[in-house]
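Chemist: Just a sequence and a predicted model for now, questions to come.
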Amino acid sequence: PGIAYDLRPGKPDLAAFPRDRWAATLRDVLRELPHSALNYPDPSGVPELRAELAGHLARVRAAVADPAALVVTAGVAQMLAIVPRVLIEEGHRLLAVENPLGHHQIPMIRATGVELAGVPVDEEGIDVDALARTRARAVLVTPAHQFPTGVVLSPRRRAALIDWARDVDALIIEDDYDGEFRYDRDPVGCLQGLAPERVLLAGSVSKALSPALRLGWAVAPPWLAVRLRAARGLHDLGSPVLDQHVLARLIAGGEYSRHLRQMRRTYRDRRDAFVAALAERLPEVRVHGVSAGL
């Protein structure tokens, strides 16, 4: 109360959620879905959503996305709760992370029991030489738009990071949390498209639609996709079926892409207004990072 503007990072415009379109599509799903589809779901996600997500990620993020290697998750957060535990089972002790790292992720990852090794980030992104010195063989990165510095992983560093992963038999976890929202140029393609055998691509609709849906995905190397599917089957039996079918239809019908285009305009206008206000009221402040984000 009394606060005119909420500038906390990471929260989308919740008033922009497409309620009418979601409700209409949900009615269609309830009317048309066979009774058998209301049983316990495939822990990997319903086939329709995995197929639509694979096509969408290939088109929009230049991912190499086989539906068989795609696992629907309860947001990126669930991936961060599962993958480090799998790594520990595989003999890993360390998970390298960017420094600085979003503060919400740190306790979530530490709760898995893995040790974190912070790696500095500069104007080109994560320092791959410093990463190699940690002796970790797994790393969590945000190459399209590093949070919180706002920098993009440079082409030189992308190549070096993939070379490092191949040299030491490592896994790269790519958190593509807002890759759709770049305003000064076309979005940078995902890292996974360059080395799908070495990179797990994680994303969600938390920024694009709403974090309340708890719908995300992981496109993983085949061995890890099998482990993720098993973990989902063991712990929670999969994501809500009806919401998965709604999202699949929104992607298939183009409504999801139209919503993304609308939100890109909205967030760009808001960012431009905020940067202009900073320049006027706080001229000593420098805005860091690329023109992107919420």
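Modeler: That came in fine, so what should we check first?
Chemist: which residues in this structure form helices?
Modeler: 19-32, 47-61, 75-89, 105-110, 128-134, 155-168, 222-235, 241-252, 255-281 (DSSP state H).
Chemist: Which residue, neighbours along the chain excluded, lies closest to Arg156?
Modeler: Distances taken as Cβ to Cβ, 6 or more residues apart in numbering put Glu124 closest to Arg156, at 6.8 Å, once the chain neighbours are dropped. Where C-beta positions appear, they are placed from N, C-alpha and C, glycine not excepted.
Chemist: The one you found is in contact with Val151, isn't it?
Modeler: Yes: counting by Cβ atoms under 8 Å, Glu124 does reach Val151; the two are 7.1 Å apart.
Chemist: which of the two has more neighbours?
Modeler: Higher neighbour count among Glu124 and Val151: Val151, with 21 against 16, using other Cβ atoms under 10 Å.
Chemist: I'd like the distance from the more buried one to Gly10, if you could.
Modeler: According to Cβ to Cβ, to the nearest Å, Val151 and Gly10 sit 17 Å apart.
Chemist: List the buried residues for the longest strand belonging to the chain?
Modeler: The strand spanning the most residues in the chain, taking DSSP state E as the definition, is strand 115-122. For strand 115-122, burial by neighbour count (16 or more other Cβ atoms under 10 Å) applies to Leu116, Ala117, Val119, Val121.
Chemist: Give the rounded mean pLDDT of that strand.
Modeler: The average pLDDT within strand 115-122 is 97.
Chemist: Parallel or antiparallel, list what pairs with that strand.
Modeler: Sheet partners assigned to strand 115-122 using DSSP bridges are listed as strand 94-99 (parallel), strand 125-126 (antiparallel).
Chemist: How about His235, nearest residue that isn't a chain neighbour?
Modeler: Ile82 (8.0 Å).
Chemist: what about Thr142, neighbour count?
Modeler: Residues lying near Thr142 (other Cβ under 10 Å) number 27.
Chemist: same thing with the one 4 residues further on?
Modeler: Here the count is done by other Cβ under 10 Å, and Gln146 has 22 residues near it.
Chemist: surely it meets Leu153?
Modeler: Yes: between Gln146 and Leu153 there is a contact under Cβ under 8 Å: 7.3 Å.
Chemist: Need the residues touching each of those two.
Modeler: Common neighbours of Gln146 and Leu153, counting by Cβ atoms under 8 Å, 6 or more residues apart in numbering, are Gly125, Ile126.
Chemist: if we can go back for a sec, from the strands paired with strand 115-122, which stretch is densest packed?
Modeler: Of all the strands paired with strand 115-122, strand 125-126 has the most neighbours on average by mean count of other Cβ atoms under 10 Å, namely a mean of 24.
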